[in-house]
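# Could you look at this predicted model? Sequence included:
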Amino acid sequence: MKELIDRLKKIVGERFVSAESEERYLYSMDMGTMPPSVPDLVVMPGSTEEVSKIIRLANEYKVPVVPMGGGLVLSGLTRALKGGMILDMKRMNRITEVNPKSRYAVVEGGTSEGMLQAYLKKHHPELKHSLPDAPPIATLAGNVCIHGSGHLSVLGGYHSDMLNGMEVVLPTGEVVRTGSCSVSSDWFGKAPLPDLSGLFMGWAGTTGVVTRLGIKLYPNYRYSDLLIFVCEDAEDMPDVISRLTSTQVAEDMTPWMTPIPEWAKGFMHINIAYGAHSKEELTFKRNLLQMSVKEYKDKKIGGFLPMPPPQKARYMQIPTPDLVRFADVRKGGGFEYVGAIMAIEHFAEAYRAGVEIAERNDVSYSMGARVVGAGHSMMFFYAYAFNRADKEDMARAQRALEETNAAALEMGGIPWKAELPAQQQIIEKMAPDTFALMNRIRETLDPNHIMNPGNWERT
Amino acid sequence: MEEIKFDPEICNQCETVDCLMKCQYIDFADVAEAKTEKLKINAGEHSRVLDECLTCYACQEYCPYDNNPFYLLVERQEQLGLLPAPTPIVTEQLKMMGPKGRIQNEAVSPPVVNMCAFPMLTGCVRGKLFEGASVIVGTDIFCNIMWLHFAKNSTIKERVPQMIDNIMNYYLKDSGVEEMICFHDECYGTYTSVAPAYGIEVPFKPVHLFDYINHRLDELADLITPLNVKIAYQRPCSNRLIPQTDLVLDEILKKIGAERVPRTYDRETALCCGGVPRAHQRDNLADELVEKNINDMLDVGATYCIFNCPFCMATLGQEVAENGIMPILISDLVQMALGE
C-alpha cells in the first residue's frame, strides 16, 4: 500500500492523496442508511491525464477505484465496498466552454451544480441549466450519471437526456469521447452517432470515470411564475398531470404530499413552474395551464392556490430548501429517499403504498414526484428522515426503504440510484439476458474488476 | 347559533336596491331585475348573484338600512352549496388557518395590539406610535372573517366565539385589560359588524387602528413633520363593514401632511385588490382589477400607495412598486411623519 500511495503522490501531488484514518472515516459513508465501508485511501486528481494514470496504476495493483462527485447520492453508491481508493473528482471543477448560441456548456467531471449556476448568472444571465433539488455541491457529472432530474425536466427530460457528450477514462485507462465531441470540436449533441454515453449512465461508476461532459443549457427567462394545483383524490393526479403537461409550457412540475405541516396532510399539490420573456407571455402561459384543468375547477374538485408574490417566493427557490429542512426533521443527520422512476398512471398506487409503509414503520416521511418530459414518466420519491444516533430509528427507516423499493418494483416502477439491496431486487426482476449483457459489457470494459466493485453484481 | 340579523320586509319595501345596483362587478338591466334577484336570495332560492359575487363586502356598505345583505348572501351560498372556490382550496385553508391550540397565558398591558394571523407584521408595532404596546398574534386568535369569501358562515359562527374566548381568557381578563386595538380592519369588522349580525357577544372593547393612531398623533403632535406627499389609498374589502373609520383615516392623513388624492377607485367605488378572485379561480378578472388599480394610482400622480390590509399589500405591493409607486402600510407612513 505504501508503494501505491507514493506512486499516487507522484501523479497528483502529496496534498491530494490521503490514507489518514480521519479522511477514510469521512469517505466511508454518505447521509443515507447504508452502513459505512472504509476505503484504504482517498485520491483527488486534477486532470484527465491524472485520472488515466491513476486508473492504470489501480489495474497494476488490482486495487478498486470508486469515483465520487459530491458524495450526496444517499444510497451509498460511493462507498468502497471492497476497499481500495475513493477517486474524489472535486478538483476537476473547471467550466471549459459555454456556447450561448447552441446553448451548451462543457464542464469537468467534478464541477458542481452551484458553480455552474453561479458562473452562468455572472457571465451568461440569459442561460441556465437544470438544477436538481440537491445541495449546490452535487456535481453535474454525478447527477447525469444517476439519471437525475431537475428544474427543467418537464422541458428537457432526465439530466441524462440533456447530455451532449462525455469524455471518459475507461477502466483500463484509455480516454474516450462520446457524442459529437468524438468527431468535432463542438459538443452539440449525441446524434447522429452510436450512443456510447449509455455505457456510463446508470452504471454507478462501474464502467469508467467521467472527466468532462457537455450539457444542454436553456433560456433563462426574465419573468417566472409558479402555480400550485391542489386536489384531494390521488386517483385524479395522472389525468391532471397529463393535462398540465399537454400545454407544453411548464419547465418543472413537482407534486408533493406531506403530513407535516398538519394542514397539508391528505392533499395532493403540484408545483408548476414556468417562465417567459414578457409579462404578456407569462399570462398567456398561465392561462393555458389553468385552462387545461378547467374541468376540475368547474367541478370544484381541484384548483390553484391563491398565492400573493411574497408567498410564492419560497416555492420558487432553486434548488428548493424544503427537502433540506425535512432532512433534519428527526435531527441526527439521517436522510434518505427512494426515488422510483415509473409511469404517471401509477401515481395513486405509489402514494397509497408510501403512506401505508411509512405509517406501518412509524417513520417521518415526505412524498413527492418530479414529472419528467411531457408526462412521459416521473421520479416518485419517498423521503424518510431518521436520527443516525438512534439505531432503532435508523432500522425503521431502512425497513421502510426496502419495503418501498419492493412496492415500487411491484407496481412496475424501478428504484432510482438503487442502493445495494435495491440493486438485487432490480436484478431479480430484470430480463436475464439483459443482466447477462450488462455483465459482458463490464467484463469487456473492466477485465480486472476494479471499478466500484460490489455494485450491479448478483450476490 | 342565531340566524343572521336580517329583515326581509326592509328589502320588500326597498325601492333602490342599492346593494345590487351599486355592485361594480355584476350588471343588472334595471332595478326591477336587481330586486327580483335580491328577493330570490332572501327566499333561499338560487340567484345568479350567488354565482357571480366577487365577495367584496361592498353591499354591506351600500345598503342604507344596515340590513346585512352580504352576510345573508354568504349564508345562502353555503346553504345552497355554491362554493365560490374549489373545495380543496377551501378545506386546506380551513385547516391551515384553524386554531392550533398553541396559545398560552400571557400578561399584557395596554395598549394591546391584535395582529391577527400575521406574525410577520409584528415588527410594525414599534416606536413612539406604539410605545409600551403588548402584541398578540396567531391562528388561535385569528378573526376568521376571511371565510366570508368562501361561503363558510358556519366556520365563522363556530370559530369566532372560540377566538373571543381565547383573547379574553389567555390575555385580557387576567391582565384587567378591556380594550384591544385591531391592527387589521378585518378584526375590527369581525368584532363590531359580524359579531352583532351573527349574534356573537364581544366582551371587550375593540379599537380600530385608525382611531388609535389618530389619538396618538394628537399626543405626539410636536413630533410630526408633514410629509407633503400624494398618496393613493387601497381601501380593503373589510373596511366596507366599518365605513365610519374611513373618515378617521382622512383625519390622520391631514395631520401628517399626506394628500389622499381622489381616485376613481376609492371610497365607495374602491376596487378589490385582486387577491380573492384568484382564490375563486378568476385570474383574468384579478388581472383586470390589478391593472385598473395601478393605472388609477398612476393617473392621479400618487407617489405612495398606502394599505391597511396586509393581504392587499401582499397582492398588489410588488406590482405597485414595479410601477414606481412606493407600497407602504399606513402605520409605517405615520411613523415616517414621526421621524421614525
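Sure, I can see it.
# what's the longest helix in the chain?
Assuming you mean chain A. Longest helix of chain A, by residue count under DSSP state H: helix A:391-410.
# think we crossed wires, I meant chain B
When chain B is parsed with DSSP H, its longest helix is helix B:283-299.
# what are the C-alpha coordinates of the following helix or strand past that helix, in PDB please?
Moving toward the C-terminus from helix B:283-299, the next helix or strand (DSSP states H and E) is strand B:304-307. The C-alpha coordinates for strand B:304-307 follow below in PDB (Å, rounded to 0.1, in the frame of the first residue of the first chain):
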ATOM      1  CA  TYR B 304     -47.200  56.300  -2.200                       C
ATOM      2  CA  CYS B 305     -49.800  53.600  -2.200                       C
ATOM      3  CA  ILE B 306     -51.000  53.100   1.300                       C
ATOM      4  CA  PHE B 307     -52.500  49.800   2.600                       C
END
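# Other residues contacting the longest helix of chain A?
With contact meaning C-beta atoms under 8 Å, 6 or more residues apart in numbering or on different chains, helix A:391-410 is reached by A:33, A:330, A:332, A:334, A:336, A:338, A:340, A:342, A:350, A:353-354, A:357-358, A:360-363, A:365, A:380, A:382, A:384-388, A:414-415, A:418-419, A:421-422, A:425-426, A:429. For the C-beta atoms, the positions are set from N, CA and C on the backbone; glycine is no exception.
# Just the buried subset of those residues, written out for PyMOL, thanks.
Burial among the contacts of helix A:391-410 is assessed by 16 or more other C-beta atoms under 10 Å in any protein chain shown; the matching PyMOL selection reads:
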select buried, chain A and resi 33+330+334+336+338+340+342+350+353+354+357+358+361+363+365+380+382+384+385+386+387+388+414+415+418+419+421+422+425+426
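# Please flag which of the contacts of helix A:391-410 sit within strands.
If you go by DSSP state E, these have A:334, A:336, A:338, A:340, A:342, A:365, A:380, A:382, A:384-387, A:414-415 in strands.
# which of those lies closest to chain B?
Of all the ones in strands among the contacts of helix A:391-410, A:Y365 has the smallest distance to chain B: 18.8 Å, by C-beta to the nearest C-beta.
# Give me the below-cutoff pLDDT ranges for the chain.
No chain in the question, so chain A it is. Across chain A, the ranges flagged by pLDDT under 70 are A:323-335.
# wrong one, chain B
By pLDDT under 70, the low-scoring segments of chain B are B:1-2.
# could you pull out the strands for it?
Counting by DSSP E, the strands of chain B are B:112-114, B:134-136, B:179-182, B:205-208, B:229-234, B:258-260, B:304-307, B:326-329.
# Name the residues of the third one that come out as buried.
Judged by neighbour count using 16+ other C-beta under 10 Å, the buried positions of strand B:179-182 are B:M180, B:I181, B:C182.
# ok, the residues you listed vs A:V107, which is closest?
B:C182 (56.7 Å; C-beta to C-beta).
# hmm, back to that, can you give me the buried ones in the longest helix of chain B?
By neighbour count on 16+ other C-beta under 10 Å, the buried set for helix B:283-299 is B:D283, B:L285, B:A286, B:D287, B:L289, B:V290, B:N293, B:I294, B:D296, B:M297.
# do the same with stretch A:31-47
Buried residues in stretch A:31-47 (16+ other C-beta under 10 Å): A:31-34, A:37, A:39-46.
# For these, which two are the farthest from each other?
The widest separation within those (C-beta to C-beta) is 33.1 Å, between A:T33 and A:G46.
# and the angle for the longest helix of chain B with strand B:229-234?
160 degrees (axes from the mean of the first three to the mean of the last three C-alpha atoms, to 10 degrees).
# quick one: is helix B:283-299 near chain A?
Yes - on the criterion C-beta under 8 Å from any C-beta of the partner chain, helix B:283-299 is in touch with chain A at B:D283, B:N284, B:D287.
# Might you report the residue contacts of B:C124?
Contacts of B:C124 by C-beta under 8 Å, 6+ apart are B:F183, B:L329, B:S331, B:D332.
# Make sure the second one is actually in contact with B:F307.
Yes - under the criterion of C-beta atoms under 8 Å, B:L329 makes contact with B:F307 at 5.7 Å.
# Make CSV out of the strands of chain B and add distance to A:P192.
Formatted as CSV, the strands of chain B follow (distance: least, C-beta to C-beta, whole Å):
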stretch, distance to A:P192
strand B:112-114, 69
strand B:134-136, 68
strand B:179-182, 70
strand B:205-208, 73
strand B:229-234, 59
strand B:258-260, 69
strand B:304-307, 58
strand B:326-329, 55
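# Let me see the domain layout of the chain.
Here I'm looking at chain A. Listed by automatic domain parsing, the domain ranges of chain A are A:2-88, A:95-219, A:223-416.
# that answer is for a different chain, and I need it for chain B
With automatic domain parsing as the reference, chain B has domains B:8-79, B:88-213, B:223-337.
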